[in-house]
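**Q** heads up, no residue letters with this:
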């Protein structure tokens, strides 16, 4: 690999790493990745314009080809940010997380250690994912029941809360602010409109309880 | 930002802007973006091979990191084309549109001013989105009921028509040629197989009317 | 196009093509594409660490803007790998395949000749797509009913088998290991939980048979 080394990190020559970025030992930044980018506000945005603090990325983590990581976020150790993925500002990603190819974690979201977010998944802003969560490919989450209308939406905007060791199946859609309980299981293609109890398996549109998650599939079995 | 300035636009040194591209005052083209690309035809394609006219991008617009904009399209003023997004050829995008991260607008599509298309949404070819439309993350649209078979599909190919101020929820799927009425609301994960009347809220697979959109949520309330 | 020529291939100056890659006559590698990348393993991965053999790409194929192709795969002739798409390791892609913008073919998958995979589709690992298959935009596939739990999942992991000339509609979700029969048709937004017989059309969540595919739409009509 043609690359230049910054301290103990390895940065491909086609990658862009902004000044101030803190890269732990053994971090790799692959082809065309962009790390430490500031958000670009539209001319009519009323958001604050102070620069965000630099991003920090823990030892042994990999920012893969074409990935984009914004300033103002903290990425743990041994994390893989997949090819063409994106992590927005004010996101906290725990150790040993895997973010699949092309997936996106929006701003102001927390992802617990050992959680896996697979390819093409969309994690909306203001979400909480605890530890050992499994998000299958192309899962869709949302945070605004009003889709841009009314003033009170601003106080109600909220992504999902996905508890420890819960699993969400491929292509499932989570409505705003739902809570997926510990060790719960959302079937592929389910549309979750209300909270899912711990260890419950739900399927369908709208999602309905089907049965308890088998003991052998519990993380703490 | 290390960048070179072309007139009153700012182009990152890793971006590619093809000759002839017209960039309004204050346009920014971020890292790795490609602007003004000609379509690449397969060796066996029978499509016309004349080059498309250059793309024009209005004042104050931003082409974000890794975005791709084809020749032959016109982008309004103060538009944000999100990170890793893509706009194909012969597309017209109105002023103040936001195109979310990773989303795609296919060829021969029109998007009205103030419309928001959120992250990961897919807008198929031959679609019409009017003004103030809200497309939530990961919405899927389609334009060919025959999926590549029969000769008459060519005359029937048509994307959705989404009327002014309509809203389409996260992960919803729109079948070919459906019309979503003014101020209508498609719930998250709905599969829309036929037209949705103005101000109606639909949910489910297949989508069915649930109730009228509350007055307080109408754009023109 | 500013580009350098490697033999009879044309490689854009912003693309990265790793040593050993075999490019057929007339292959084009567009802006920012990365070809021949080795997988990057996490520090705690137990996977084998021998390098994969170089990727081979057949005559007349195009690796579009921002696309990523891993080592250890074989791409046929006249294939289009769309903008921002990705092909993982140990994948075999037949002649005349089209891979749409932003779509992903995971590792250890086979795609037959003349198959079209449209924009944003996700083809999971250990899948088989035969010839003349049509995958509509944003189709989701999966391969692990256990989503990371139990030891026996390793022997059961399996993507879909999609037989010759089958068609899968926009935003459809295929559960692990389902077989889609020859010339079958999966409606847009369907969630396929079990095998679909040849020439059957299914819709809904869960998907149910609706009627036979009309003769006029059969490839072999």
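**A** That came through, no problem. What you are looking at is a predicted structure, and each value in this text was computed from that prediction instead of being measured.
**Q** Quick check: pLDDT value at residue A:130.
**A** At residue A:130, the model reports a pLDDT of 98.
**Q** Also residue A:8?
**A** Looking at residue A:8, the pLDDT reads 85.
**Q** ok, it touching residue A:28?
**A** No: using C-beta atoms under 8 Å, residue A:8 makes no contact with residue A:28, being 10.7 Å away. From N, CA and C alone the C-beta is placed, and that goes for glycine too.
**Q** These two: who's more crowded?
**A** residue A:28 (21 against 11; other C-beta atoms under 10 Å in any protein chain shown).
**Q** contacting residues around that one?
**A** A:9, A:10, A:11, A:61, A:62, A:63, C:40 (C-beta atoms under 8 Å, 6 or more residues apart in numbering or on different chains).
**Q** Turn these into TSV, columns for distance to chain B.
**A** Shown next, in TSV, are these (distance: C-beta to the nearest C-beta, whole Å):
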residue	distance to chain B
A:9	18
A:10	19
A:11	13
A:61	19
A:62	18
A:63	13
C:40	19
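**Q** Mind putting those into JSON lines with secondary structure and neighbour count?
**A** JSON lines is the format used below for the contacts of residue A:28 (DSSP: H, G, I helix; E, B strand; the rest coil; neighbours: other C-beta atoms under 10 Å in any protein chain shown):
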{"residue": "A:9", "secondary structure": "strand", "neighbour count": "23"}
{"residue": "A:10", "secondary structure": "strand", "neighbour count": "18"}
{"residue": "A:11", "secondary structure": "strand", "neighbour count": "22"}
{"residue": "A:61", "secondary structure": "coil", "neighbour count": "26"}
{"residue": "A:62", "secondary structure": "strand", "neighbour count": "24"}
{"residue": "A:63", "secondary structure": "strand", "neighbour count": "33"}
{"residue": "C:40", "secondary structure": "coil", "neighbour count": "15"}
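**Q** what's the closest of those residues to residue C:110?
**A** Ranked by distance to residue C:110 (C-beta to C-beta), those are led by residue C:40 at 23.7 Å.
**Q** which one is that closest one nearest to, not counting chain neighbours?
**A** Take residue C:40 and drop its neighbours on the chain: the residue closest to it by C-beta to C-beta, 6 or more residues apart in numbering or on different chains is residue A:62, 5.2 Å away.
**Q** now swap in residue A:104 and tell me
**A** residue A:86 (4.7 Å).
**Q** Isn't that neighbour up against residue B:84?
**A** Yes: using C-beta under 8 Å, residue A:86 is in contact with residue B:84, at 6.5 Å.
**Q** Those two - which one has more neighbours?
**A** Higher neighbour count among residue A:86 and residue B:84: residue B:84, with 31 against 27, using other C-beta under 10 Å.
**Q** State the number of residues packed around the residue of chain A found nearest chain C.
**A** Nearest residue of chain A to chain C: residue A:189, at 3.3 Å (C-beta to the nearest C-beta). A count of nearby residues for residue A:189, using other C-beta under 10 Å, gives 33.
**Q** about what we covered before: what touches both of residue A:86 and residue B:84?
**A** A:68, B:101, B:102.
**Q** so of the residues you listed, which ones are in strands?
**A** Here DSSP state E is the test, and these give residue A:68 as lying in strands.
**Q** Save the shared contacts of residue A:86 and residue B:84 as TSV, and put in pLDDT too.
**A** Conversion of the shared contacts of residue A:86 and residue B:84 to TSV gives the following (pLDDT from 0 to 100):
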residue	pLDDT
A:68	98
B:101	98
B:102	98
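**Q** Could you list which of the shared contacts of residue A:86 and residue B:84 also contact chain C?
**A** Filtering the shared contacts of residue A:86 and residue B:84 for neighbours of chain C using C-beta under 8 Å from any C-beta of the partner chain leaves residue B:102.
**Q** who's in contact with the residue nearest to residue A:104?
**A** Contacts of residue A:86 by C-beta under 8 Å, 6+ apart are A:67, A:68, A:69, A:103, A:104, A:105, B:83, B:84, B:101, B:102.
**Q** the bottom helix or strand of chain A by mean pLDDT?
**A** Least confident helix or strand, chain A: strand A:3-6 with a mean of 49, by mean pLDDT, DSSP states H and E.
**Q** Helix, strand or coil: sort out residue A:216 for me.
**A** Under DSSP: H, G, I helix; E, B strand; the rest coil, residue A:216 falls in the helix class.
**Q** And for whichever residue of chain A sits closest to chain B, the neighbour number?
**A** Of all residues in chain A, residue A:191 sits closest to chain B, at 3.3 Å by C-beta to the nearest C-beta. The number of residues packed near residue A:191 is 31, by other C-beta under 10 Å.
**Q** Do I have it right that it meets residue A:169?
**A** No: contact status for residue A:191 versus residue A:169: not in contact, 11.4 Å apart, counting by C-beta under 8 Å.
**Q** returning to what we had before: can you tell me how far the residue of chain A closest to chain B is from residue A:76?
**A** Separation of residue A:191 from residue A:76 (C-beta to C-beta, to the nearest Å): 31 Å.
**Q** Run through the helices of chain A in chain order.
**A** A:153-156 (DSSP state H).
**Q** residues from it in reach of chain B?
**A** Contact residues, chain A versus chain B (C-beta under 8 Å from any C-beta): A:14, A:16, A:32, A:34, A:37, A:40, A:42-44, A:66, A:68, A:84, A:86, A:102, A:104, A:106, A:120, A:122, A:124, A:138, A:140-142, A:144, A:146-150, A:171, A:173, A:175, A:191, A:193, A:205-206.
**Q** Contacts only, for residue A:22.
**A** Residue A:22 is in contact with A:54, A:55, A:56, A:57, counting by C-beta under 8 Å, 6+ apart.
**Q** same question but for residue A:116, I mixed them up
**A** With C-beta under 8 Å, 6+ apart, residue A:116 has these contacts: A:97, A:98, A:100, A:133, A:134, A:135, C:148.
**Q** Tell me the confidence at the closest residue in space to the fourth one that isn't next to it in sequence?
**A** If the residues on either side of it in the chain are set aside, residue A:133 comes closest to residue A:115, at 4.3 Å by C-beta to C-beta, 6+ apart. The pLDDT attached to residue A:115 in the predicted structure is 98.
**Q** How much space separates residue A:115 from residue A:219?
**A** 12 Å.
**Q** shared neighbours of these two, which are they?
**A** When contacts are counted by C-beta under 8 Å, 6+ apart, residue A:115 and residue A:219 are jointly contacted by residue A:132.
**Q** Neighbour count: those two, which is higher?
**A** residue A:115 (23 against 16).
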